[in-house]
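# Sequence and computational prediction follow.
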Amino acid sequence: MTEAEWLASEDIEAMFGVVRARSKRRRSRLFAVACCRAIDPALPDPRSQRAISIAELHADGSATDAELASVMLGAHEVVLARASDPAVIEAAASASEGLTRKAAGMRQWSYRMGMERAAECVAVPHPYRAAVQVGELVRSRLFHFQGPDRGAQASILRDIFGHIFRPVAFSPSWRTSVAVALAAQMYESRDFGAMPILADALQDAGCDSADVLDHCRGEGPHVRGCWVVDLVLGKE
């Protein structure tokens, strides 16, 4: 894959093929988490929500392997319960008979099951595999109605992994107290609305990297793991 293809691609598997060798587990897991949050920030079962939250904490070393395993099992229970729900079974049977309204109901149930399956995937021990599995779920027909498209996923991936063909040499002198405070606030809150302000702070500190400044001032999206925010905070 060339740099031009990387910047335009919507093929998540191909993009991961490029970054896998140099990918840190943290970034792969944060990508999977971001995809789950993009699917639906209000999953109905607390176990699914907890799986996403703990997986995100685990990526930054703030949750243990045991905690991750526990929430993975909890999220799996949600998927099993959904699959055995009488309403799901009835909707599936009706869909197989070609009844339009029931078939639509089955698609909605399938959408919900798919989201919960994604929450389970994000907590598996191997973040790369989890990210690809979540990617498959998001791009499947289950998410035809409400899920992010391939372009949105690819944009999230680029936000996390950055310019892999032209790594930015980030000067420590750009890491001023103002820049660090802005980056930390956005990271903790997951609200990246201050990215243009971060660009101003970096530029005031002497940053002359067009890649860094343009990324901060671009349309985004920006998520936890954003390569510029990571550079400012000194995260790997």
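All right, it came through fine.
# Only C-alpha atoms from now on, for both contacts and neighbour counts.
OK.
# Look at the residue nearest the centre of the chain and give its secondary structure.
Using C-alpha atoms, centre = their mean, the residue of the chain that lies closest to the mean C-alpha position is residue 34, 2.0 Å off. Here residue 34 is helix, with the state taken from DSSP: H, G, I helix; E, B strand; the rest coil.
# dump the residue contacts of it.
In this structure, residue 34 makes contact with 156, 223, 224, judged by C-alpha atoms under 8 Å, 6 or more residues apart in numbering.
# hmm, 7 Å instead?
Contacts for residue 34 (C-alpha atoms under 7 Å, 6 or more residues apart in numbering) come out as residue 223.
# This structure - how does it break down into domains?
For the chain, automatic domain parsing gives the domain ranges 3-161, 172-233.
# Lowest mean pLDDT across those, which one is that?
Out of these, the stretch the model trusts least by mean pLDDT is domain 3-161, with a mean of 74.
# now do the same end-to-end measure for that domain.
Using C-alpha to C-alpha, to the nearest Å, the gap from the first to the last residue of domain 3-161 comes to 13 Å.
# do the same with stretch 17-25
From its first residue to its last, stretch 17-25 covers 14 Å (C-alpha to C-alpha).
# What are the contacting residues of stretch 213-229?
Counting by C-alpha under 7 Å, 6+ apart, the neighbours of stretch 213-229 from elsewhere in the structure are 27, 30, 34, 155-156, 159-162, 183, 187, 190, 192, 195-196, 198-199, 212.
# how about stretch 160-180: buried residues?
By neighbour count, with 16 or more other C-alpha atoms under 10 Å as the criterion, the buried positions of stretch 160-180 are 160, 161, 162, 163, 168, 170, 174, 175, 179, 180.
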